[in-house]
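>>> No sequence on hand, only this structure:
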């Protein structure tokens with residue numbers, strides 16, 4: 001199958017629930033009205049944001065993607081045995097699909113693949129590439145915000161099991177309450193015999209963690225600032241791009257990276273007819289990136305009606321993949 005044909009098939013199968021400008025505008029106004037101010041990290045991923053994130057994953061400081069891919073390569077036979085045959089893979093935040101390819105190749109038979117991704121262009125491009133590589137697997141892409149309830153498309157062939165795939169430690173981008181809600185939604189989607197394969201960044205040397213979110217090339221800073229570019233374009237806000245800078249720090253007591261856009265001067269920003277005043281040096285939260293212990297993850301899973309059944313770490317215990325099942 002040619003790449004063009006595969007992409008056309010992916011577009012024909014697309015279920016499109018992506019956020020509309022009114023959704024983004026409402027979320028932005030709500031976040032800017034809080035004290036301290038915040039913007040949702042889910043809006044990082046327009047086409048340019050997705051491209052910049054892929055560039056981040058190739059920076060030497062950003063170990064997460066590299067280590068997780070190595071872990072998938074090394075432990076895939078054991079993961080495939082634990083998951084079983086003939087599965088419908090549902091992936092939250094599918095991105096470019098590099099790790100997906102490893103999973104689809106390694107499992108013991110995949111009936112269908114449903115990527116759920118907020119960036120339509122990224123979703124269609126990655127699904128097209130995967131459809132060309134795996135012509136026997138039914139591709140059922142969904143463009144949506146996976147933090148909200150979804151009705152997933154049905155596969156033509158009935159799978160034996162649903163496998164939720166949530167790599168990249170994306171779970172860590174949410175508060176504990178939000179993470180429990182996402183895990184609970186996954187529990188409902190997978191059903192009583194389902195499984196979830198979840199990537200988690202593990203607690204370690206703070207210097208290693210902080211460097212990953214402050215790369216020397218400044219790609220992460222550009223990625224963070226692109227959020228303002230998107231808001232200006234899509235909802236007509238007037239953030240001054242030279243008026244904010246990226247800052248990411250590891251809050252050890254809370255076990256997470258906290259990423260901010262810091263105002264470089266006293267300034268006003270206008271959104272939907274509202275004026276929001278920023279003080280010089282005021283920090284606006286844009287993302288969390290939690291780092292986990294097995295005990296902490298087990299507590300989140302239990303609160304969502306899940307239990308840990310298998311665990312795989314890299315040799316340095318920097319990153320882990322955890323297989324969860326209904327409790």
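Now that the structure is in, tell me what you want to look at. The shown structure was predicted, so the numbers you read here are calculated from the model rather than taken from an experiment.

>>> From residue 98, how far off is residue 45?
Computed as Cβ to Cβ, to the nearest Å, the residue 45 to residue 98 distance reads 15 Å. Just so you know, the C-beta spots here come from the backbone N, C-alpha and C atoms, and that holds for glycine as well.

>>> between those two, who's got more neighbours?
Legend: neighbour count by other Cβ atoms under 10 Å for residue 45 and residue 98, higher for residue 45 (23 against 16).

>>> Let me see the contact set for the residue nearest to that one when sequence neighbours are not counted.
In space, and not counting its chain neighbours, residue 45 is closest to residue 119: 4.6 Å by Cβ to Cβ, 6 or more residues apart in numbering. Neighbouring residues of residue 119 by Cβ atoms under 8 Å, 6 or more residues apart in numbering: 45-47, 49-50, 143.

>>> Could I have the buried ones of those as ChimeraX selection syntax?
Listed next is the ChimeraX selection for buried residues among the contacts of residue 119, using 16 or more other Cβ atoms under 10 Å:
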select :45,46,49,50,143
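
>>> Need the max-distance pair from the contacts of residue 119.
Using Cβ to Cβ, those reach their maximum pairwise distance at 49 and 143, which is 14.8 Å.

>>> Contacts only, for residue 56.
Contacts here follow Cβ under 8 Å, 6+ apart; on that basis residue 56 touches 62, 215, 219-220, 223.

>>> For it, give its distance to residue 233.
From residue 56 to residue 233 the distance is 21 Å (Cβ to Cβ).

>>> cool, and residue 89?
From residue 89 to residue 233 the distance is 33 Å (Cβ to Cβ).

>>> In terms of packing, which of these two has more residues around it?
Using other Cβ under 10 Å, the more surrounded residue of residue 89 and residue 233 is residue 89, with 24 against 12.

>>> would that one count as being in a helix?
No. Counting by DSSP: H, G, I helix; E, B strand; the rest coil, residue 89 falls outside a helix, being strand.

>>> can you pull the contacts of it?
100, 103-104, 107, 110, 112-114, 163, 165.

>>> okay, these in a markdown table with distance to residue 301 next?
What follows is the contacts of residue 89, written out as a markdown table (distance: Cβ to Cβ, whole Å):
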| residue | distance to residue 301 |
| --- | --- |
| 100 | 23 |
| 103 | 20 |
| 104 | 25 |
| 107 | 22 |
| 110 | 24 |
| 112 | 25 |
| 113 | 24 |
| 114 | 22 |
| 163 | 16 |
| 165 | 16 |
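
>>> how about the residue nearest to residue 45, phi and psi?
Dihedral angles of residue 119 (phi, psi; degrees, to the nearest 10) stand at phi -90, psi 110.

>>> Where does pLDDT dip in the stretch 51-200 of the chain?
Within the stretch 51-200 of the chain, the ranges that satisfy pLDDT under 70 run 94-96, 148-149.
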